[in-house]
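K.L.:
this is a predicted model, with the sequence first.
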Amino acid sequence: MDSSGSWIVGAIIGAEIAFWVLLVLGLLARYVLKLKRTSTALLLSVPLADLVLIILVGLDLSAVPSPPPSTGLPRSTWASSVGFGH
């Protein structure tokens, strides 16, 4: 892989980690710690991780004439997000 596409792979991995961390922290705050406001804020920020990923991939795609293979990963994560009701 060339270095020009490596930042988007890092962004994809970072957004996916952020998605799961926010989700787990939100559920722990709600059901274990009983912090309703904190959990609401955390759970409402979960889709923001997907939104940041969409924006970054859009920026990456606008900079190149043909889409790189690394854009297949965000498509699959978005499909699973839609499939699970986000």
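P.N.:
Arrived safely. Residues are numbered from 1 along each chain as shown.

K.L.:
which stretches of the chain form helices?
P.N.:
With DSSP state H as the definition, the chain shows helices at residue ranges 6-31, 36-44, 46-62, 72-83.

K.L.:
pLDDT weak spots in the chain?
P.N.:
Where the chain drops to pLDDT under 70, the residues are 1-5, 66-86.

K.L.:
what do you get if the cut-off is 90, keeping everything else the same?
P.N.:
Applying pLDDT under 90 to the chain picks out residues 1-13, 15-16, 47-86.

K.L.:
isn't L53 right up against A11?
P.N.:
Yes. Using CB atoms under 8 Å as the test, L53 is close enough to A11 to be in contact (6.9 Å). No exception for glycine: its C-beta is placed from N, CA and C like everyone else's.

K.L.:
the more surrounded of these two?
P.N.:
Here L53 and A11 are compared on neighbour count by other CB atoms under 10 Å; more neighbours surround L53, at 23 against 19.

K.L.:
relative to K34, how far out is that one?
P.N.:
From L53 over to K34 the distance is 31 Å, taken as CB to CB, to the nearest Å.

K.L.:
F19 too?
P.N.:
Between F19 and K34 the computed distance is 24 Å (CB to CB).

K.L.:
who has more neighbours, those two?
P.N.:
Under the neighbour definition other CB under 10 Å, F19 and K34 were set side by side, and F19 has more, 21 against 9.

K.L.:
can you tell me the closest non-neighbouring residue to the more buried one?
P.N.:
A49 (4.2 Å; CB to CB, 6 or more residues apart in numbering).

K.L.:
please apply the same query to L56.
P.N.:
In space, not counting the residues next to it along the chain, L56 is nearest to A11; the distance is 4.7 Å by CB to CB, 6+ apart.
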